[in-house]
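Asker: give me a 3D structure for the following:
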Amino acid sequence: MKEKRISFSQGKGLLSHDNRLFMTSNVDPLRTPDNITFVCQPIAEAYDQLFGQATERYNAHQKRNDRNIHGSYYEYLFHCKPSNSILISADKRKSFYEDVMQIGKMEDSGVGTEDFQLVAECLKEYMTGFQERNPNFYVFNAVLHMDEQTLHLHIDYIPVGHYQRGQDTQNGIAQALKEMGYGDGKNAIARWRAAEVEVMNAICRAHGIEPLAPEKSRGTLEVAEYKEQRHKADQLAEENARVEAEIAEKKQERDQILRYLPDVEKTSRLEFKFDELCDELDGLIKNPLSATKNRKRIAELGEEMKKRLMASYKARDRSETTVYEVREENEKLGKDWKETRERNRKLSANNHKLYQEKSALQSQVDELTEFISLLERFDLRKYGEAKALQENIHRQREQQQEQPSKKKKWVLE
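Answerer: Numbers count the residues shown, from 1 in each chain. Sure, this is the predicted structure:
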């Protein structure tokens with residue numbers, strides 16, 4: 001099923017533009033005859049039809065002439081002759097309202113696309129039932145524009161409400177919405193719009209279109225400005241999608257960490273292998289000659305021990321990171337899980353002990369390596385001199401260590 005975004009926005013209310021009494025730059029005059037006009041009634045005639053008799057009834061009940069409505073009801077509200085643009089009265093009533101309905105965008109539903117006629121059929125079907133669904137919104141002008149890049153429907157209507165005080169039939173959108181069952185308050189218009197969007201959604205699905213969420217109104221922006229803003233909005237939506245994907249990936253990594261359970265058997269094997277490496281290293285550094293002969297293997301053992309130690313610390317860190325998950329599992333599994341946790345803590349302590357032992361062994365390796373370096377510089381017959389030189393170096397280091405120095409804190413990253 002094709003996916004398209006529905007736009008149901010408030011229009012500017014320019015009847016001259018809607019009825020093509022003047023052309024803007026985005027209109028193709030050669031396609032203007034393709035526009036579909038559902039209704040085109042002068043607004044003065046519409047007002048007279050809707051409120052003329054009500055005004056007469058109101059005047060007939062007045063005993064004082066200064067309380068009568070003189071002239072038409074339209075002129076009484078807006079103090080001017082009927083206009084093709086929306087006017088607002090002193091008490092915030094609009095002369096009429098306009099809504100614009102659009103399906104899809106220029107890229108997927110515009111002129112020349114495969115779905116151009118399909119979208120037109122959906123909009124025509126929607127307009128056919130509009131007046132019946134909304135008896136208190138009198139539609140006096142409605143046009144389907146086919147001569148712009150993206151076809152869209154303009155619906156112009158006058159809200160009609162009935163009152164106990166004053167003129168019995170008036171222009172009043174709040175009362176009109178209430179009479180149509182959308183309740184009171186500022187959210188009534190939002191409920192009505194949501195209901196109309198659902199009607200369009202049903203029509204689209206019947207024609208094989210899966211509707212996406214409606215776009216926000218373009219407000220008072222001109223077409224060029226609106227397109228620029230929409231382009232920026234699309235770019236922002238793409239960026240948001242990318243960020244959301246990254247967040248989802250991070251959440252997945254987090255969930256994997258939270259679901260981590262220590263592998264006691266694997267940690268035990270790691271500990272055993274580290275012991276084997278320590279034993280082998282002890283055998284190679286028993287005397288200087290052995291250390292000299294096996295210096296390559298000693299270096300390899302040092303690297304291997306470093307890798308094993310880092311793996312042990314990673315396992316410990318992951319275990320500590322998941323302490324809250326461990327507690328949750330502890331509540332579920334009870335005593336068995338407590339024993340497993342205790343085993344893991346002991347292994348972590350052993351890992352720390354192994355790290356200390358490794359540090360000591362590494363110190364010995366460093367001393368042997370230094371000694372080997374001295375041996376390579378002197379003949380073996382001068383072993384005594386080399387040994388004395390090494391002892392002298394050690395004494396100098398001890399003297400330097402006895403001097404006060406700033407202690408450094410080492411933190412495992």
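Asker: show me what the helix or strand containing Thr292 is packed against.
Answerer: Thr292 is part of helix 288-293, with elements assigned from DSSP states H and E. Applying 3 or more CB pairs under 8 Å, 6 or more residues apart in numbering; DSSP states H and E, one finds that helix 288-293 makes contact with helix 264-284, helix 335-377. C-beta coordinates here come from the backbone N, C-alpha and C atoms, glycine included.
Asker: what about Asp108, neighbour count?
Answerer: Asp108 is flanked by 17 other residues according to other CB atoms under 10 Å.
Asker: for Leu212, that is, sorry about that
Answerer: By other CB under 10 Å, 13 other residues sit near Leu212.
Asker: before we move on, what about Tyr74?
Answerer: Per other CB under 10 Å, the neighbour tally for Tyr74 reads 25.
Asker: that one contacts Ser89, doesn't it?
Answerer: No. Using CB atoms under 8 Å, Tyr74 is not in contact with Ser89; the gap is 9.9 Å.
Asker: pLDDT score for Val411?
Answerer: Looking at Val411, its pLDDT stands at 45.
Asker: what's the answer for Trp192, then?
Answerer: For Trp192, the pLDDT comes out at 96.
Asker: which of the residues in the helix or strand hosting it are buried?
Answerer: Here Trp192, judged by DSSP H and E, is contained in helix 188-206. Of the residues in helix 188-206, Ala188, Trp192, Arg193, Glu196, Val197, Met200, Asn201, Ile203, Cys204 count as buried by neighbour count, 16 or more other CB atoms under 10 Å.
Asker: ok, the fourth one - contacts?
Answerer: Going back to what we said before, that points to Glu196. Glu196 is in contact with Phe8, Arg133, counting by CB atoms under 8 Å, 6 or more residues apart in numbering.
Asker: give me the pLDDT for it.
Answerer: Confidence score, pLDDT, at Glu196: 95.
Asker: list the residues that contact Ala46.
Answerer: Tyr138, Phe140, Ile158.
Asker: from Asn59, how far out is Cys80?
Answerer: Using CB to CB, to the nearest Å, we find Cys80 at a distance of 21 Å from Asn59.
Asker: repeat for Tyr97
Answerer: Remark: distance between Tyr97 and Asn59 (CB to CB) = 27 Å.
Asker: between these two, who's got more neighbours?
Answerer: Between Tyr97 and Asn59, counted using other CB under 10 Å, the more crowded position is Tyr97 (18 against 14).
Asker: partner residues bridging that one?
Answerer: Tyr157 (DSSP bridges).
Asker: quick one: it and Tyr157 touch, right?
Answerer: Yes. Using CB under 8 Å, Tyr97 makes contact with Tyr157 at a distance of 5.8 Å.
Asker: so what sits against both of the two?
Answerer: With contacts taken as CB under 8 Å, 6+ apart, Tyr97 and Tyr157 have Phe137 as neighbours in common.
Asker: re earlier: now for Tyr74 and Ser89: what residues contact both?
Answerer: Applying CB under 8 Å, 6+ apart, one finds that Tyr74 and Ser89 are jointly contacted by Ser95.
Asker: show me how the chain divides into domains.
Answerer: For the chain, automatic domain parsing gives the domain ranges 2-220, 225-258, 261-398.
Asker: nearest residue to Ile36 in space, please, no chain neighbours.
Answerer: The shortest distance from Ile36 to any residue other than its chain neighbours is 4.1 Å, reached at Leu144 (CB to CB, 6 or more residues apart in numbering).
Asker: pull out the buried positions in stretch 293-302.
Answerer: In stretch 293-302, counting by 16+ other CB under 10 Å, buried: Asn294, Arg295, Ile298, Leu301, Gly302.
Asker: can you pull the phi/psi pair for the first one?
Answerer: In other words, Asn294. Note on Asn294: its backbone torsions stand at phi -110, psi 30 [degrees, to the nearest 10].
Asker: leaving out the residues flanking it, which one is nearest to it?
Answerer: Using CB to CB, 6+ apart and skipping residues adjacent in sequence, the residue nearest Asn294 is Leu284, 4.5 Å away.
Asker: and for that neighbour, the neighbour number?
Answerer: By other CB under 10 Å, neighbour count at Leu284 equals 17.
Asker: which parts of stretch 64-82 are buried?
Answerer: For stretch 64-82, using 16+ other CB under 10 Å, the buried residues are Ile69, Ser72, Tyr73, Tyr74, Leu77, Phe78, Pro82.
Asker: with stretch 1-9 instead?
Answerer: For stretch 1-9, the buried set under the neighbour-count rule, 16+ other CB under 10 Å, comprises Lys4, Ile6, Ser7, Phe8, Ser9.
Asker: pretty sure the residue nearest to Ile36 is in a strand, no?
Answerer: Yes. With DSSP: H, G, I helix; E, B strand; the rest coil as the criterion, Leu144 is located in a strand.
Asker: count the neighbours of it for me.
Answerer: Around Leu144 there are 20 residues (other CB under 10 Å).
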